[in-house]
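> Quick one, fold the following:
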Amino acid sequence: MNSELRTVNPEPLIHLDGIKKVFLTDEIETHALAGIYLKILQGEYVAIAGPSGCGKSTLLSILGLLDSPSEGAYRLNGRQVEQLKLSERARIRNREIGFIFQSFNLIGDLTVYENVELPLTYRGEMPRSERKQRVLESLDRVGMSHRQRHYPNQLSGGQQQRVAVARALVGSPSILLADEPTGNLDSKNGDAVMDLLSELHQGGATICMVTHDSRFAGYADRTVHLFDGQIVAENNENEGEPAPRAVGG
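Below is the predicted model:
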């Protein structure tokens, strides 16, 4: 991943300070996030766990600059990002964040190679030769080099998710955000994808994963438990039961 960013920045990679998110529909306020205080360090593997409707996906959308908080401050890699213009948010998202989605989100009429290359095409200054090198390296890391000329519909679900991971890696992001990455996979392929994420983490990747499955949360260094839009507990790997956390962290 981005070694320069990891070595020179002494701050947490992600720092959320009092993040709130309120949705207004038909004059009804829904408080999706009710004051989130969270730090994620470079090189950490953090799982965000909790029941459906607790705010996990909303939190991940804010972390990924796909949505903005209603209140609170968000620092990504030492930079305040919650109030940036859309164009600047898009630029930072392309360079700093790699997304892994439950539904893979591969483009059906592009080959595996073209799907992985796609995020790099938005970096106009990057030579084609460098794009090719990065794509091939990313596919090699996930064991999919031999499928680069195939199309998504020619791959199994597990293979499609491996390609999606390669696409997330190709831009050398500061953090990988994984939203229920095993949700559309059977248990064998789900385990294989989780093993792949563990290998990437051991290689230096920072990962934040949303999951409702406590078994998969156990792959992470630290699990943050959400309930009704708040962090109610945290626990580290092999610590057993989570410790209650005071709101306001």
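> from here on, contacts and neighbour counts on C-alpha atoms
OK.
> So which residue is smack in the middle of this protein?
Of all residues in the chain, the one closest to the mean position by C-alpha atoms, centre = their mean is Leu177, 0.1 Å from it.
> Met144 contacts Val165, correct?
No: using C-alpha atoms under 8 Å, Met144 is not in contact with Val165, being 10.4 Å away.
> ok, the two, which is more surrounded?
Set Met144 next to Val165 and count neighbours by other C-alpha atoms under 10 Å: Val165 wins out with 28 against 18.
> What residues does the more buried one make contact with?
Phe99, Ile100, Val142 (C-alpha atoms under 8 Å, 6 or more residues apart in numbering).
> count of neighbours near Glu130?
When neighbours are counted by other C-alpha under 10 Å, Glu130 registers 11.
> So it belongs to a helix, correct?
Yes: with DSSP: H, G, I helix; E, B strand; the rest coil as the criterion, Glu130 is located in a helix.
> List the neighbours of stretch 186-206 that are in contact with it.
Applying C-alpha under 8 Å, 6+ apart, the contact partners of stretch 186-206 are 1, 41-45, 142, 157-158, 161-162, 174-176, 181-183, 207, 216, 219.
> Could you give me the ChimeraX selection string for whichever of the residues you listed are buried?
Typed into ChimeraX, the line below selects the buried ones among these, using 16 or more other C-alpha atoms under 10 Å:
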select :1,41,42,43,44,45,142,157,158,161,162,174,175,176,181,182,183,207,216,219
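> State the mean pLDDT of the longest helix seen in the chain.
Identified as the longest helix of the chain according to DSSP state H is helix 187-202. Averaged across helix 187-202, the pLDDT comes to 94.
> roughly how far is that helix from the heart of the chain?
Computed by C-alpha atoms, centre = their mean, to the nearest Å, the chain-centroid distance of helix 187-202 equals 14 Å.
> which residues touch Ala166?
Neighbours of Ala166 in contact, by C-alpha under 8 Å, 6+ apart: Val116, Val135, Ser138, Leu139, Arg141, Val142.
> do you know how far Leu139 is from Ser145?
Relative to Ser145, Leu139 is positioned 5 Å away (C-alpha to C-alpha, to the nearest Å).
> again, but for Ile207
Taking C-alpha to C-alpha, one finds Ile207 at 23 Å from Ser145.
> Flag the shaky bits of this protein, pLDDT-wise.
Under the criterion pLDDT under 70, the flagged ranges of the chain are 1-10, 237-249.
> where along it do the strands fall?
14-25, 28-40, 45-49, 71-76, 79-80, 97-100, 175-179, 207-211, 222-227, 230-236, 243-244 (DSSP state E).
> what are the pairing partners of the second one, and which direction each?
According to DSSP bridges, strand 28-40 forms sheet pairs with strand 14-25 (antiparallel).
> The partner strand vs strand 71-76, what angle?
140 degrees (axes from the mean of the first three to the mean of the last three C-alpha atoms, to 10 degrees).
> can you count the residues close to Val81?
18.
> cool, and the one 4 residues further on?
Neighbours of Lys85 under the rule other C-alpha under 10 Å: 9.
> same check, this time on the one 3 residues further on
Using other C-alpha under 10 Å, Glu88 has 12 neighbouring residues.
> any idea how far Leu33 lies from Val81?
As judged by C-alpha to C-alpha, Leu33 and Val81 stand 18 Å apart.
> Generate a markdown table for the strands of the chain, with distance to Leu120 as supplementary columns.
Shown next, in a markdown table, are the strands of the chain (distance: least, C-alpha to C-alpha, whole Å):
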| stretch | distance to Leu120 |
| --- | --- |
| strand 14-25 | 23 |
| strand 28-40 | 26 |
| strand 45-49 | 25 |
| strand 71-76 | 21 |
| strand 79-80 | 23 |
| strand 97-100 | 12 |
| strand 175-179 | 16 |
| strand 207-211 | 20 |
| strand 222-227 | 31 |
| strand 230-236 | 35 |
| strand 243-244 | 42 |
